[in-house]
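Engineer: sharing a sequence plus its predicted fold:
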Amino acid sequence: MKASILNRKLHRWGAILAALPVLIVVCTGILLQLKKEWEWIQPGTVAGEGTELELSFDRILAICATAKEAGIESWAQVDRLDVRPGKGMVKVRGKNRWEIQVDLQTGTVLQVAYRRSDLIEEIHDGSFFHDVVKLWVFLPSAVVLFGLWVTGVYLWFLPHLARRKRREKRHAPV
């Protein structure tokens, strides 16, 4: 079988096999590119008053418990703390994807919002579905996508190389 025919077949079947995972990666990638521009995806950071941490962790948790919509009442419900001394605030992210931003100096709740960017990232890398899907569907799709790129570049160059060969043949000394 000629290399160009094999390349076309590999390119066609690779595109079919990788289509859905690649579509998911592309769509979620677009959303992630916009996460700082669109607060629906990721809440904007609200600056606090000071730059020194004057609150204890227990006080931060007590402040978070006052934001009822977030539903954070114990450390077991907290996924992570993101301390931003330069902005004078701490982001408390719940395992339920709610985020509470607290002023480091005054303890004021600056913002309570639902954070979708982490969910979108999990969908983007396939871990939302399952680790098996991440490693056995999304990773092979990425490898196939790389193969599509290689075969696509080859298929794009093929006519150019053929034209060049014909030109060289016509202008070759007799």
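Structural biologist: Nice, thanks for sending it over.

Engineer: count of neighbours near Ala70?
Structural biologist: Counted with other CB atoms under 10 Å, residues neighbouring Ala70 total 22. All C-beta atoms are positioned from the backbone trio N, CA, C, and that covers glycine.

Engineer: leaving out chain neighbours, which residue sits closest to it?
Structural biologist: Spatial nearest neighbour of Ala70, chain neighbours left out: Trp98 (3.8 Å); criterion: CB to CB, 6 or more residues apart in numbering.

Engineer: same thing with Leu155?
Structural biologist: Asn7 (5.9 Å).

Engineer: again, but for Glu69
Structural biologist: Val112 (5.8 Å).

Engineer: can you pull the buried residues of the helix or strand where the one you found lies?
Structural biologist: Following DSSP states H and E, one finds Val112 within strand 109-114. Residues of strand 109-114 classed as buried by neighbour count (16 or more other CB atoms under 10 Å): 109-113.

Engineer: before we move on, what about stretch 15-33?
Structural biologist: Within stretch 15-33, judged by 16+ other CB under 10 Å, the buried ones are 15, 18, 21-22, 24-25, 28, 31-32.

Engineer: let me see the mean pLDDT of that stretch.
Structural biologist: If you average the pLDDT over stretch 15-33, you get 91.

Engineer: then it to CSV, C-alphas only?
Structural biologist: C-alpha atoms of stretch 15-33 as CSV (Å, rounded to 0.1, in the frame of the first residue of the first chain):
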residue,chain,number,x,y,z
ALA,A,15,-10.3,11.7,13.1
ILE,A,16,-13.4,9.5,13.6
LEU,A,17,-12.0,7.8,16.7
ALA,A,18,-10.8,11.0,18.4
ALA,A,19,-13.7,13.3,17.3
LEU,A,20,-15.8,13.3,20.5
PRO,A,21,-13.0,13.5,23.1
VAL,A,22,-11.3,16.2,21.0
LEU,A,23,-14.6,18.1,20.7
ILE,A,24,-14.9,18.0,24.5
VAL,A,25,-11.3,19.2,25.0
VAL,A,26,-11.7,22.0,22.4
CYS,A,27,-15.0,23.3,23.9
THR,A,28,-13.8,23.2,27.5
GLY,A,29,-10.5,24.7,26.4
ILE,A,30,-12.3,27.7,25.0
LEU,A,31,-14.3,28.1,28.2
LEU,A,32,-11.1,27.9,30.2
GLN,A,33,-9.5,30.6,28.1
